[in-house]
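# model this:
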Amino acid sequence: MRLSAILVSALLALPATALYAQKGHEGHNHAPAVEVPASDITKNSQWNGKNVAFLGDSMTDPNNKSTDAHYWSYLSKLIGINPFVYARSGFQWDGIYKKAEEMRKDRGDEIDAIIIWAGTNDYNHSKPLGNFFTERLDSANVNGSIQVRKHRTLAMNDTTFCGNINRVMSYLKHNYPTKQIIIMTPIHRAYAKFSAKNVQPDENYANAWGLYIDSYIDVLRQAASVWAVPLIDLYSESGLYPLEENHGQYFHDSPTDRLHPNASGHYRIARTIQGKLQTIPPSF
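Okay, the predicted model is just below:
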């Protein structure tokens, strides 16, 4: 028991880049980690050597066993970043706020850029969309004349999708004014069954509010505009489409988990992100 405790402590002390090689669920065969070819590596960019924090759900969580290599570990090899991962399986955007606070406590200002990948669980758990703003009538001085006009205020709450996004972005914009903050959209969703009581239909089924995942994707696209941050639209641009049978090769287990990408899927995601980052500065 003492040796086991020592080994666990040593594992927890490893940086994120050392945590990606993990065993999968028993009985599931993983796609092997991709050997990154030299022709794909672009370490001559502005991202080489930068400390990049990743906030997210199971797609980012190093403890998720659906892959032997996550996209952020590939990005370390592809563009030379130092990844610091703050993610937990099942988290929605309210959980992202907690991870942002944890990151701030752990790393302080030693972060050059922050990438957020979340939203698929908000759809699956039927989080109400809400609105980015509330409106009321207010007086304003317009060219020396007091006029009554509509006035909007950012909605800050933990009960709606928009409200939670606003809370996270407000926190990050306040604490990291010179750092790049990037929002990524979820990828497409197909069927997943993790247990008899955890069965998730594919994206062609609406959630309890009658909303499809597209509605949540559109909100994230709008969030990037509202908060003046770059968007990496994995939903549209990753090329991953798990609803197509032949795309099962990119996911953990084609019959039971076409929600979580395997190592091959994560490499495809990493290459998409890599291309987008070439045009985005990590900090200012």
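
# and the spatially most central residue of the chain, what does it touch?
In the chain, the residue lying closest to the centroid (CA atoms, centre = their mean) is Trp117, at 1.0 Å. Neighbouring residues of Trp117 by CB atoms under 8 Å, 6 or more residues apart in numbering: Phe54, Leu55, Gly56, Asp57, Met59, Thr60, Met184, Pro186, Leu234. Quick note: C-beta positions are derived from backbone N, CA and C, even for glycine.

# Please name the bridge partners of it.
Per DSSP bridges, the residues bridged to Trp117 are Gly56, Met184.

# Next one: it from Tyr205, what distance?
Between Trp117 and Tyr205 the computed distance is 22 Å (CB to CB, to the nearest Å).

# Output the below-cut-off pLDDT ranges for the stretch 151-284 of the chain.
Along the stretch 151-284 of the chain, the model assigns pLDDT under 70 to no residue.

# Need the pLDDT of Met59.
Listed pLDDT for Met59 reads 97.

# Please settle this for me: is Arg136 part of a helix?
No - counting by DSSP: H, G, I helix; E, B strand; the rest coil, Arg136 falls outside a helix, being strand.

# who touches it in this structure?
Going by CB under 8 Å, 6+ apart, Arg136 touches Lys150, His151, Thr153.

# The same query, at a cut-off of 10 Å, please.
Listed by CB atoms under 10 Å, 6 or more residues apart in numbering, the contact set of Arg136 reads Lys150, His151, Arg152, Thr153.

# just Ser225 next, same as before
With contact taken as CB under 10 Å, 6+ apart, Ser225 is in contact with Phe132, Leu231.

# What is the three-state secondary structure of it?
Following three-state DSSP, Ser225 is assigned to helix.

# now it: how far from Tyr235?
Applying CB to CB, the value for Ser225 to Tyr235 is 16 Å.

# distance between the ends of stretch 129-137?
23 Å (CA to CA, to the nearest Å).

# just how off-centre is that stretch within its chain?
The chain centre lies 25 Å from the centre of stretch 129-137; the measure is CA atoms, centre = their mean, to the nearest Å.

# Can you show me the strands along this structure?
Taking DSSP state E as the criterion, the chain carries its strands at 51-56, 82-87, 113-117, 133-142, 145-154, 180-184, 192-195, 198-200, 231-232, 251-253, 257-261.

# Of the ones you listed, which is nearest Pro281?
Closest of these to Pro281 is strand 180-184, at 6.3 Å (criterion: CB to CB).

# tilt between the closest one and strand 51-56?
In terms of direction (axes from the mean of the first three to the mean of the last three CA atoms, to 10 degrees), strand 180-184 departs from strand 51-56 by 30 degrees.

# which other helices and strands contact strand 180-184?
For strand 180-184, the packing partners by 3 or more CB pairs under 10 Å, 6 or more residues apart in numbering; DSSP states H and E come out as strand 51-56, strand 113-117, helix 161-175, helix 213-226, strand 231-232, helix 263-277.

# for those, which one sits closest to Asp68?
Closest of those to Asp68 is helix 263-277, at 4.9 Å (criterion: CB to CB).

# Could you check the angle that closest one makes with strand 51-56?
Using the same axes, to 10 degrees: helix 263-277 against strand 51-56 is 120 degrees.

# for helix 263-277, which positions count as buried?
Using 16 or more other CB atoms under 10 Å as the test for burial, helix 263-277 gives 263-274, 276-277.
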